[in-house]
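A.B. asks: Mind looking at a prediction? Sequence and model below.
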Amino acid sequence: MRTQAFPLLRKAMYALRGGFLVRPLLISITLGLAGAVLSSLEETVPAVSAWVPSVLFPSHADPQVAQIVLATIAASIMTVVSIVFAILLMTLTLASMQFSPRILLSFVKDRVTQWTLGIFLGTFAYCMAALPAARSLPRPFAPVATVTCAMLLAVMCVAWLIFFIHHISEAISVNHIVDRIARETEA
């Protein structure tokens, strides 16, 4: 009984480690918790938002600006994720028909792809977790530091998107595919 359980456990761990489940989920949960904790901390300790210059966030007291910024970042991130991954899957499907079906499996196991999905979904989770903190009633509160971090995450997402497009364009090139297949076959 024990000899049968060990290979099943090992197979399950391999499947979880190599897919779109564990790493993106952990990144998303971490960033979502960071958004909730930072906004809560900022409300209890007002000195946290004092370091944000008024040039970045001119209206330190207007919660509507914070709500609009957080909601806009969350909506735009989800739009970008949807479009990029739909186009990417179409491209990889066409490439797998042309070269090898192993491309799709390597795409799912690729850590850059997993981190990309995690960072984008994590930025969405961060904004959604921080959004309830920006409120007008019963007492107006604008989480300035939290919104500033959301804007930094949005800029990081744009930079990561450019890196990801470069990475995928290299990953579907013929030379890279042949090298990867040769390494996998030798292993």
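C.D. replies: Great, that's in hand. Numbering: from 1, shown residues only.

A.B. asks: ok, so what distance separates the spatially most central residue of the chain from residue 32?
C.D. replies: The centroid of the chain falls nearest to residue 119 when counting by C-alpha atoms, centre = their mean (1.8 Å). Plainly put, residue 119 is 12 Å away from residue 32 if you go by C-beta to C-beta, to the nearest Å. C-beta coordinates here come from the backbone N, C-alpha and C atoms, glycine included.

A.B. asks: quick one: which helix or strand includes the residue nearest to the centre of the chain?
C.D. replies: helix 111-130 (DSSP states H and E).

A.B. asks: Residue 174 touches residue 99, doesn't it?
C.D. replies: Yes. With contact taken as C-beta atoms under 8 Å, residue 174 and residue 99 are classed as touching, separated by 7.0 Å.

A.B. asks: For these two, indicate the residue with more neighbours.
C.D. replies: More crowded of residue 174 and residue 99, by other C-beta atoms under 10 Å: residue 99, with 15 against 10.

A.B. asks: who touches the residue nearest to the centre of the chain in this structure?
C.D. replies: For residue 119, the contacting residues are 27, 31, 156, 157, 160, by C-beta atoms under 8 Å, 6 or more residues apart in numbering.

A.B. asks: Tell me the buried residues within those.
C.D. replies: 27, 31, 157, 160 (16 or more other C-beta atoms under 10 Å).

A.B. asks: what's the closest non-adjacent residue to residue 30?
C.D. replies: residue 122 (6.7 Å; C-beta to C-beta, 6 or more residues apart in numbering).

A.B. asks: what's the one you found in contact with, if anything?
C.D. replies: Counting by C-beta under 8 Å, 6+ apart, residue 122 touches 27, 28, 29, 30, 31, 32, 153.

A.B. asks: Repeat that for residue 118.
C.D. replies: Contacts of residue 118 (C-beta under 8 Å, 6+ apart): 23, 24, 25, 26, 27, 28.

A.B. asks: Using a markdown table, please lay out the residues you listed together with distance to residue 47.
C.D. replies: Listed next are the contacts of residue 118 as a markdown table, based on distance: C-beta to C-beta, whole Å:
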| residue | distance to residue 47 |
| --- | --- |
| 23 | 35 |
| 24 | 34 |
| 25 | 33 |
| 26 | 31 |
| 27 | 29 |
| 28 | 29 |
